[in-house]
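> The following comprises the amino acid sequence and a computationally predicted model.
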Amino acid sequence: MTGRRGGEVTERIRSHRELEVFQKAMRVAMEIYELSKGFPAGEQYSLTDQIRRSSRSVCATLAEGWRKRRYEAAFISKLSDADAEAEAAESQVWLELAAECGHLQREQAIDLYKSYDHIIATLVGMITPPPPHLVTPSSSEVFHACS
């Protein structure tokens, strides 16, 4: 996909891995994974699993949404409250709980929380308006499909 950004032409993005928001979500998920290794054993099947699952889900649903960008409703659904955006917000809640329970230093939780604020803002920007991210067939592709 090519497009304009601030007056300059951007390069075609071929994979979800090239999206800055995906890269940031991966970095945050990996940081959460590393930090959660230090959570108490009693949290293994609750807080630890939940925060790891939700943080990883942001990455996975971004990848899914990118693959579904041919279909506006599916693309928006994957990135919005139905999936990635909601999982990012859920991760923020788990970070808050981890800090309140004393499993994370408050500064670490705040930094990660702010990262998710940025991720959520980027997702909202991708959704509103969605057309630059959608794949739509060109008129020649539609013409050939009908012949």
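Yes, it's here.

> where does the protein have low pLDDT?
The model of the chain has pLDDT under 70 over residues 1-11, 81-82, 129-147.

> longest helix anywhere in it?
helix 106-127 (DSSP state H).

> How far off centre is stretch 53-62?
In terms of CA atoms, centre = their mean, to the nearest Å, the centre of stretch 53-62 is found 6 Å from the chain centre.

> Oops, could you answer that again for stretch 25-32 instead?
Relative to the centre of its chain, stretch 25-32 is centred 11 Å away, using CA atoms, centre = their mean.

> Identify each buried residue in it, please.
Neighbour counts using 16 or more other CB atoms under 10 Å place 25-26, 28-29, 32 of stretch 25-32 among the buried residues. Glycine gets a C-beta too; all of them are placed from N, C-alpha and C.

> quick one: what helix or strand has the residue positioned nearest the centre of the chain in it?
Compute the mean C-alpha point of the chain, and by CA atoms, centre = their mean the closest residue is residue 58, 4.2 Å away. Using DSSP states H and E, residue 58 maps to helix 49-67.

> likewise residue 34?
Counting by DSSP H and E, residue 34 is found in helix 20-36.

> okay, the angle between that helix and helix 106-127?
Going by axes from the mean of the first three to the mean of the last three CA atoms, to 10 degrees, helix 20-36 is angled at 160 degrees with respect to helix 106-127.

> about what we covered before: go through the buried residues of stretch 25-32 and say which is closest to residue 120.
Nearest to residue 120 among the buried residues of stretch 25-32 is residue 25, at 10.4 Å by CB to CB.

> ok, the closest one - contacts?
In this structure, residue 25 makes contact with 55, 58-59, 62, 88, 119, judged by CB atoms under 8 Å, 6 or more residues apart in numbering.

> gap between the longest helix of the chain and the chain center?
If you compare the mean C-alpha spot of helix 106-127 with that of the full chain, they lie 10 Å apart, counting by CA atoms, centre = their mean.

> ok, and what's touching the helix holding residue 58?
Outside of helix 49-67, the residues that reach it under the criterion CB under 8 Å, 6+ apart are 15-16, 19, 21-22, 25-26, 28-29, 32-33, 36, 74-75, 78-79, 83-84, 87-88, 90-91, 94-95, 98, 119.

> Right, I'll call it a day here.
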